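> Give me the fold of what follows.
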Amino acid sequence: MTSNIATAEIALPYAQALLSLAQSKNLTEEFGEDARSLLSLLSANQDLQNFIANPFIKGENKKALIKQILGESSNAYLRNFLLLLVDKRRIVFLEPVLQQYLALLRQLNQTVLAEVTSAVPLSEAQRQAVVEKVLAITRANQVELETKIDSELIGGVIIKVGSQVIDASLRGQLRRLSLRLTSNS
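Below is the predicted model of the structure:
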């Protein structure tokens, strides 16, 4: 298994090339939507991940699957880029390449990624409140929310933006209260 650093070093140049291509064709947002869709598909389908990562499966078979997944209506530039990854035997790094591309796109658009973990799914009003809070803290132009559900939180949310973590969960409040009580004894 390759390390995260090696993966990042391989994925970053491909992501930068994809962003450069997208910028030259004014397709940065369209590529971003396609990247999010592909990442969602990959995370939901372990068989697809295994197929793409399997070195014993021929490149032609992987190319056929990519063409089938994307369909003929997809962007030809992105499809050709993915086929190039197969030719260069870098398709195994598809997920990190797409994640790096989205990170570069957020940087370009001055958008921050806020990872929000809650006990239950957030309502639209709650999502908007989180977005406003993150905008106030970071002074970014936009906020992209990535939500997760963790039933162990009991209630509240944990918001992570970069290295900054805001723990407004009931579990976190109880932990802080416990620490204060034990330190006062």
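> Can you give the contact residues for stretch 98-110?
Here stretch 98-110 makes contact (Cβ atoms under 8 Å, 6 or more residues apart in numbering) with 8, 11-12, 14-16, 18-19, 28-29, 31-32, 35-36, 38-39, 111-113, 140-142, 144. Every residue, glycine included, has its C-beta placed from N, CA and C.
> Heading C-terminal from the top helix by length along the chain, find the next helix or strand.
Once the chain is assigned using DSSP state H, the helix that runs over the most residues is helix 4-24. Next along the chain after helix 4-24, taking DSSP states H and E as the criterion, comes helix 28-44.
> Summarise which helices and strands that next one is packed against.
Judged by 3 or more Cβ pairs under 8 Å, 6 or more residues apart in numbering; DSSP states H and E, the packing partners of helix 28-44 are helix 4-24, helix 46-53, helix 94-108.
> between the first one and helix 94-108, how big is the angle?
Helix 4-24 and helix 94-108 are oriented at 60 degrees to each other (axes from the mean of the first three to the mean of the last three Cα atoms, to 10 degrees).
> mind listing what's buried in helix 4-24?
In terms of neighbour count (16 or more other Cβ atoms under 10 Å), helix 4-24 has its buried residues at 7, 10-12, 14-15, 18-19, 21-22.
> And the second one, by the same measure?
For helix 46-53, the buried set under the neighbour-count rule, 16+ other Cβ under 10 Å, comprises 48-49, 52.
> Lowest pLDDT pick from the buried residues of helix 4-24?
Within the buried residues of helix 4-24, Thr7 has the lowest pLDDT, namely 78.
> chain center to stretch 4-12: distance?
Centroid separation for stretch 4-12 versus its chain: 15 Å, with Cα atoms, centre = their mean, to the nearest Å.
> Could you list the residues in contact with it?
2, 90, 93, 96-97, 99-100.
> I'd like to know which of those residues are buried.
Among those, those scoring as buried are 90, 93, 96-97, 99-100 (criterion: 16+ other Cβ under 10 Å).
> Okay, now the unreliable bits of the chain?
1-3, 185 (pLDDT under 70).
> Might you report the residue contacts of Ile57?
Taking Cβ under 8 Å, 6+ apart, one finds Phe51 in contact with Ile57.
> Assumed it was part of a strand.
No. Using DSSP: H, G, I helix; E, B strand; the rest coil, the assignment for Ile57 is coil, not a strand.
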